[in-house]
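Chemist: I would like the atomic coordinates for the input below:
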Amino acid sequence: MCHHFFMKMQQESLQEFLQVQYANLTAFAAEGFFPLSDIPLLRNNSRHERELVTAQWGLLPFWWKSSLKQNSRKVFQRKTFNARSETVDTKPTFREAFRSRRCVIPATMFVEGGELFELIDSPVMLLAGLWESWADENGQVESCTVLTTNANRLIARYHPKRRMPVILPNEYALETWLSPDLTTRQPLEHLFLPVAEDKFSHRSMDRQTKFPW
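Modeler: Have a look, this model is predicted:
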């Protein structure tokens, strides 16, 4: 978790929902997003304004270099599309981004074990994430990851490792997560608690169609 999610809200409505001053997005894929997809990402820009941009799903740290052991950045990124909230502040791949490049990844639903999960009281889930910017002679890549936590009892029934995304429950949590003044784990740790099972609805996904709604 999380390896497949959807965004079915129109871009203009999403921008209004997130109170975004600036947006630069690609089209939302009907079949949803998978690792290495270009996905929507909310962050604060250098003027401390919210911006909604596109980033590649699978975090590539700024220091990554090709080597004999690992010569493909995409192979690396397939291992970094999720980050465990328990270790995100200490793992070398994620710790610099955790300090200063936190973001939010909006989703309307996510998939686990063939089930589609949605929040009952909100059209959009705010997934806690991190972003990075990496560059070489061929250009720049902006990438991101989704944080995970222990699953609630409902989602644990469908996830073999009993994990779920870290979901920010409200505007206060979103502001806290994006705050540039917070750079350590302690003031953010309360955000890593799983959202309760009674906050979700779920239904089986029709695997024969790209449109599960």
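Chemist: Could you report the distance from the closest residue to residue 56 other than its chain neighbours to residue 97?
Modeler: Spatial nearest neighbour of residue 56, excluding adjacent residues (CB to CB, 6 or more residues apart in numbering): residue 143 at 4.5 Å. C-beta here means a position set from N, CA and C on the backbone, and glycine is covered the same way. The gap separating residue 143 from residue 97 is 10 Å, by CB to CB, to the nearest Å.
Chemist: any common contacting residues for the two?
Modeler: Residues touching both residue 143 and residue 97 (CB atoms under 8 Å, 6 or more residues apart in numbering): 59, 131, 132.
Chemist: And the strands in the protein?
Modeler: Secondary structure of the chain (DSSP state E): strands at 5-6, 22-24, 38-44, 50-57, 82-84, 102-107, 109-112, 115-119, 125-136, 139-150, 163-165, 167-168, 200-204.
Chemist: Now the weakest link among those strands, please, by mean pLDDT.
Modeler: Per-stretch mean pLDDT for the strands of the chain is lowest at strand 22-24 (a mean of 92).
Chemist: Identify the residues contacting that one?
Modeler: Applying CB under 8 Å, 6+ apart, the set of residues contacting strand 22-24 is 11, 15, 45, 49, 50, 51, 52, 53, 54.
Chemist: partners of it in the sheet?
Modeler: strand 50-57 (parallel) (DSSP bridges).
Chemist: related to what we said a few turns ago, residue 197: which of the shared contacts of residue 143 and residue 97 is nearest?
Modeler: Using CB to CB, residue 59 comes nearest to residue 197 of the shared contacts of residue 143 and residue 97, at 28.4 Å.
Chemist: roughly how far apart are the residue lying closest to residue 33 once chain neighbours are set aside and residue 150?
Modeler: Sequence neighbours aside, residue 39 is the residue nearest to residue 33 in space, at 4.7 Å (criterion: CB to CB, 6+ apart). Distance, residue 39 to residue 150, using CB to CB: 24 Å.
Chemist: what does residue 168 give?
Modeler: As judged by CB to CB, residue 168 and residue 150 stand 16 Å apart.
Chemist: Between residue 39 and residue 150, which has more neighbouring residues?
Modeler: Comparing residue 39 with residue 150 by other CB atoms under 10 Å, the one with more neighbours is residue 39, at 29 against 16.
Chemist: The closest residue to residue 74 other than its chain neighbours: what's it in contact with?
Modeler: In space, and not counting its chain neighbours, residue 74 is closest to residue 36: 6.1 Å by CB to CB, 6+ apart. Each residue near residue 36 by CB under 8 Å, 6+ apart is listed here: 56, 57, 58, 74, 77, 78, 81.
Chemist: By neighbour count, which of the residues you listed wins?
Modeler: Most neighbours among these, by other CB under 10 Å: residue 57, with 26 neighbours.
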